[in-house]
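> heads up, no residue letters with this:
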Ligand SMILES: Nc1ncnc2[nH]cnc12
Ligand SMILES: [Zn+2]
């Protein structure tokens, strides 16, 4: 990729719509928290921990990711983790971010819901005040757990209803189809929450169809396997359903062998509203600009694709119309003068 295009994708204003805050916990901060909270990690050092980040599939990652989250104990821990992510995102010219969190990973260890949400929320407020960055929270249900447990989590979160804008579905995809959560998503819909779900990452295109038809989600997280089904691809394109794609994650979790094999260009050529995101940046080798650079280095993507990806990221956000339009104008102004 020529230098100018690399600089362009890094400098352009963008939104990030798919990142798990627990997946932004860098090993150094994890060890610091373990020490201050008196927790023993099963790794002797930061380097040893990093060496364990050699995943063979989604589950092999999730096992390490949930173990890592055990160091998060206090409101300050949730604040510090979120603050560190927001600083990285700000440096990558992220103007708006919609952040997933996995409350069940914490409440199952006895951490109160309020500690989790307050710590994250305070960091979002600081980012807004200091940099004008906009940010929102999306509560994810763990799909390897039951729908009853998802309902109980929703109940615990409702006192904090004004602090999250939607719900999502993550964790082990295969064997846990979207329809397992039909009733809890229906309830969330009644509550006026935005709805998203991971689908078509490791799971089949059928999971994308049922996420749309049964859960009524507004975006699909990942969705890269959509292209295996031509009719579904036409439908997702026609309905303008955005896909929050995470290229480095896809390579680390062996959805694609190498970044050169990634199907981002085919997704865009099929008219899909694809976006670029970091998923779990501390585990997958980079933040959102690292994902852009890897893609633009490896695929024949152009300046026009860059502008489209930046526009898609804001267009697919859950921002109010006026703010979304303001950001879209910022993208167009950036490209007109770049
Ligand atoms: N890529 C991913 N897929 C499913 N669940 C996740 N939780 C964190 N990252 C995830
Ligand atoms: Zn994800």
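Looks like it arrived, so ask away. Given the structure is predicted, the values throughout are model-derived calculations rather than measurements. Residues are numbered from 1 along each chain as shown. Ligands and ions are numbered 1, 2, ... in the order given.
> Quick one: end-to-end distance for stretch 158-171.
With Cα to Cα, to the nearest Å applied, stretch 158-171 spans 22 Å between its terminal residues.
> meant to ask about stretch 64-83, not that
Stretch 64-83 has an end-to-end distance of 22 Å (Cα to Cα).
> From the contact counts, what lies against the longest helix along the chain?
For the chain, the longest helix by residue count, based on DSSP state H, is helix 113-131. Judged by 3 or more Cβ pairs under 8 Å, 6 or more residues apart in numbering; DSSP states H and E, helix 113-131 is in contact with helix 75-91, strand 94-101, helix 103-107, strand 134-142, helix 147-157. In short, each C-beta sits where N, CA and C put it, glycine included.
> Report the buried residues of it.
Neighbour counts over helix 113-131 (16 or more other Cβ atoms under 10 Å) mark 113, 115-121, 123-124, 127 as buried.
> what does stretch 292-307 give?
For stretch 292-307, the buried set under the neighbour-count rule, 16+ other Cβ under 10 Å, comprises 292-296, 298-299, 301, 305-307.
> sorry, back to before: now pLDDT and distance to ligand 1 too, for the buried residues of helix 113-131, in JSON lines please.
Below are the buried residues of helix 113-131 laid out as JSON lines (pLDDT from 0 to 100; distance: Cβ to the nearest ligand atom, whole Å):
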{"residue": "113", "pLDDT": "98", "distance to ligand 1": "19"}
{"residue": "115", "pLDDT": "98", "distance to ligand 1": "20"}
{"residue": "116", "pLDDT": "98", "distance to ligand 1": "15"}
{"residue": "117", "pLDDT": "98", "distance to ligand 1": "18"}
{"residue": "118", "pLDDT": "98", "distance to ligand 1": "22"}
{"residue": "119", "pLDDT": "98", "distance to ligand 1": "19"}
{"residue": "120", "pLDDT": "98", "distance to ligand 1": "15"}
{"residue": "121", "pLDDT": "98", "distance to ligand 1": "20"}
{"residue": "123", "pLDDT": "99", "distance to ligand 1": "19"}
{"residue": "124", "pLDDT": "98", "distance to ligand 1": "19"}
{"residue": "127", "pLDDT": "98", "distance to ligand 1": "21"}
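> mind putting those residues in TSV, distance to residue 7 included?
TSV is the format used below for the buried residues of helix 113-131 (distance: Cβ to Cβ, whole Å):
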residue	distance to residue 7
113	42
115	41
116	37
117	37
118	38
119	35
120	32
121	34
123	29
124	28
127	24
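> Show me which of those residues is closest to residue 338.
residue 127 (24.9 Å; Cβ to Cβ).
> From residue 83, how far out is the closest one?
Using Cβ to Cβ, to the nearest Å, residue 127 is found at 8 Å from residue 83.
> Equivalent analysis for residue 225, please.
35 Å.
> Grab the nearest non-local neighbour of whatever residue of the chain ends up closest to ligand 1.
Residue of the chain nearest ligand 1, by Cβ to the nearest ligand atom: residue 170 (3.5 Å). Nearest non-adjacent residue to residue 170, counting by Cβ to Cβ, 6 or more residues apart in numbering: residue 140, 4.5 Å away.
> what's the burial count for that neighbour?
The number of residues packed near residue 140 is 25, by other Cβ atoms under 10 Å.
> Verify the contact between it and residue 166 for me.
No. Between residue 140 and residue 166 there is no contact under Cβ atoms under 8 Å: 9.7 Å.
> what residues does the chain put near ligand 1?
Proximity of the chain to ligand 1, by Cβ under 6 Å from any ligand atom, involves residues 20, 23, 58, 65, 170-171, 198, 201, 249, 279-280.
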